[in-house]
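Enquirer: quick one, what's the 3D model for this:
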Amino acid sequence: MSQSPTSDPAATAARDHWEVLGLVPGADAASIKRAFRQQARRWHPDLNGNDPVAEARFKRVNEAYAVLSDPVRRRAWEAGEGQDSAGLDADPFASGFPRFEDYLAELFGQDRRRPRDWDEDPVEEEPPAAGEVATAPAAPPPVMAATDEETLVSLAPEQALSGQRLELELRDGTVVEVWTPPLAGDGWRLRLAGVAPGGADHFLQLRVRTAEGLRIDGLRVLYQLDLHPADAALGCQAVVPTLEGPVRLRVPPGSSSGRLLRLRQRGQRLGEQRGDQLVEVRIVVPERPTEAEEALFRRLRELDREQNGPRDGD
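Expert: Purely as a prediction, here's the structure:
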């Protein structure tokens, strides 16, 4: 015999609305509203374009708030009467998702009057009565040039792995709350559309590095290994840092700049997944070589020309 939807354990778990909003059962109305704002901003699809699960999670957050903020729906849900009794069987986002700020304004009844579009029909004004003084319409506000802004944000590897809540204060004093996406990496550039003064965009430049010079990119870890030309040509043993401490790495002979050496299972861990660490070789020439080093480099250049012929520019 098939189970009803309310008897499915997965469905029951999905309907723990307190858990969805990160609240303890019985939280007051102000806590419910505050938690909803936080979770709705975190999972709104417009703010999580690269997250494939954001849409489903946003719907669950909306459903949780609709139930817990309505005494009738909340009592029905707590009594286990099912979705239909709570009046939540219809998908309010079947036709798409509104902008996040418009969504909050509609939900909480905030005044967000839309300015009249230029292509709308103008409203004809009645002429002033006899004896009245006609006043000129107010001048339109000056057009402000919109300039994009950018902020450098440093994250620890574990913060980049799970996503981090940030409060960003803009130049005009506005405070914007934003969540970085999970598995973010060093060098990522996140766009906050239209939040800067004048309707400009604000960009977050993420910096995810350790004191040892490790760069984080999702589950992967990147490291740049500087080598003397002789070590790169002849091969060597090099000690490189990892997230779990230094290890010894064998550099093969004839390694040129840009060569990648892999340390398997030395990256970040997420559940059963574990990334690798990539070590990029970079050959560094002494800035001020000694006389002996200069003599050796000249002799090396002569040997190269004898073997391969003159190069362009010789």
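
Enquirer: now do the strands in the stretch 101-250 of the chain.
Expert: Along the stretch 101-250 of the chain, counting by DSSP state E, counting those that start in this stretch, strands occupy 149-154, 165-169, 175-179, 189-196, 200-207, 215-217, 220-227, 236-240, 247-251.

Enquirer: deepest-packed of the ones you listed, please.
Expert: With neighbours defined by mean count of other CB atoms under 10 Å, none of the strands of the stretch 101-250 of the chain is more surrounded on average than strand 215-217, at a mean of 22. For every residue, glycine as well, the C-beta is placed using N, CA and C.

Enquirer: and that strand, what does it pack against?
Expert: Here strand 215-217 touches helix 157-162, strand 220-227, going by 3 or more CB pairs under 8 Å, 6 or more residues apart in numbering; DSSP states H and E.

Enquirer: circling back: do you know which of the strands of the stretch 101-250 of the chain lies nearest residue 56?
Expert: The closest of the strands of the stretch 101-250 of the chain to residue 56 is strand 175-179. By CB to CB, the value is 16.2 Å.

Enquirer: with just CA atoms, put the closest one into PDB.
Expert: Coordinates of the C-alpha atoms in strand 175-179 are reproduced here as PDB (Å, rounded to 0.1, in the frame of the first residue of the first chain):
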ATOM      1  CA  VAL A 175      24.500  48.500   5.200                       C
ATOM      2  CA  VAL A 176      24.000  45.600   2.900                       C
ATOM      3  CA  GLU A 177      23.800  42.000   4.100                       C
ATOM      4  CA  VAL A 178      25.200  39.400   1.600                       C
ATOM      5  CA  TRP A 179      26.100  35.700   1.800                       C
END
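
Enquirer: hmm, back to that, can I get the helices and strands packed on strand 215-217 in JSON lines with mean pLDDT and distance to residue 247?
Expert: As requested, these are arranged in JSON lines below (pLDDT from 0 to 100; distance: least, CB to CB, whole Å):
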{"stretch": "helix 157-162", "mean pLDDT": "94", "distance to residue 247": "17"}
{"stretch": "strand 220-227", "mean pLDDT": "96", "distance to residue 247": "11"}
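
Enquirer: of all those, which lies closest to residue 203?
Expert: When the helices and strands packed on strand 215-217 are compared for distance to residue 203 using CB to CB, the nearest one is helix 157-162, at 16.9 Å.

Enquirer: what's that closest one in contact with?
Expert: Residues from elsewhere that reach helix 157-162, judged by CB atoms under 8 Å, 6 or more residues apart in numbering: 180, 182-185, 206, 208, 210, 214, 216, 243, 268, 270.

Enquirer: among those, name the buried ones.
Expert: Among the contacts of helix 157-162, those classed as buried by 16 or more other CB atoms under 10 Å are 180, 182-185, 206, 208, 214, 216, 243, 268.

Enquirer: quick check, nearest of these to residue 20?
Expert: The nearest member of the buried ones among the contacts of helix 157-162 to residue 20, counting by CB to CB, is residue 182 at 17.4 Å.
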